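Asker: take this sequence and fold it.
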Amino acid sequence: MAEDNEDNDSQYDEFHEREKERDQKMEQSQSLKEMRESLDTLKLFSESYVEAIRVQATILKSAFDALVSAGFTDTQAIEIIKVRGSNL
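Answerer: As a prediction, this is how the structure comes out:
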């Protein structure tokens with residue numbers, strides 16, 4: 001009878017240990033999924049950010065070219081853009 005109780009306790013412990021391991025694996029899997037989703041979001045954000053920088057660079061270059069065309073020297077045009085940015 002005591003052996004039966006020990007066997008039952010052992011089986012019970014083994015069952016709960018397997019359940020605990022399964023839960024840990026599920027949590028790890030969920031964490032990995034969340035990390036992948038975060039990386040995907042970051043990738044999309046960084047692509048948009050790079051595109052925004054390209055657009056801003058184009059605007060600044062156009063402003064520089066317009067200032068030079070208006071008679072400013074390259075150095076003067078650069079200084080104006082450094083101070084004013086694209087807010088001309």
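Asker: tell me the pLDDT of G85.
Answerer: Note on G85: pLDDT of 83.
Asker: what's the neighbour count on it?
Answerer: 12 (other C-beta atoms under 10 Å). For the C-beta atoms, the positions are set from N, CA and C on the backbone; glycine is no exception.
Asker: and for L67?
Answerer: Around L67 there are 20 residues (other C-beta under 10 Å).
Asker: find the nearest non-adjacent residue to it, please.
Answerer: Leaving aside its sequence neighbours, L67 sits nearest to A77 (C-beta to C-beta, 6 or more residues apart in numbering; 3.8 Å).
Asker: how confident was the prediction at that neighbour?
Answerer: So A77 comes in at 97 (pLDDT).
Asker: using the three-state scheme, assign it.
Answerer: helix (DSSP: H, G, I helix; E, B strand; the rest coil).
Asker: tell me who's in contact with it.
Answerer: F64, L67, V68 (C-beta atoms under 8 Å, 6 or more residues apart in numbering).
Asker: just so I have it, where are all the helices in this structure?
Answerer: 2-69, 74-84 (DSSP state H).
Asker: just name the most buried of these.
Answerer: helix 74-84 (a mean of 12; mean count of other C-beta atoms under 10 Å).
Asker: what angle separates that helix from helix 2-69?
Answerer: When axes from the mean of the first three to the mean of the last three C-alpha atoms, to 10 degrees is applied, the directions of helix 74-84 and helix 2-69 differ by 130 degrees.
Asker: kindly export helix 74-84 (C-alpha atoms) in CSV.
Answerer: Extracted in CSV, the C-alpha atoms of helix 74-84 (Å, rounded to 0.1, in the frame of the first residue of the first chain):
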residue,chain,number,x,y,z
ASP,A,74,27.9,77.3,-52.1
THR,A,75,29.2,78.2,-48.7
GLN,A,76,26.5,80.8,-48.1
ALA,A,77,23.8,78.4,-49.3
ILE,A,78,25.1,75.7,-46.9
GLU,A,79,25.2,78.2,-44.0
ILE,A,80,21.6,79.3,-44.7
ILE,A,81,20.4,75.7,-44.8
LYS,A,82,22.3,74.9,-41.6
VAL,A,83,20.5,77.7,-39.9
ARG,A,84,17.1,77.4,-41.5
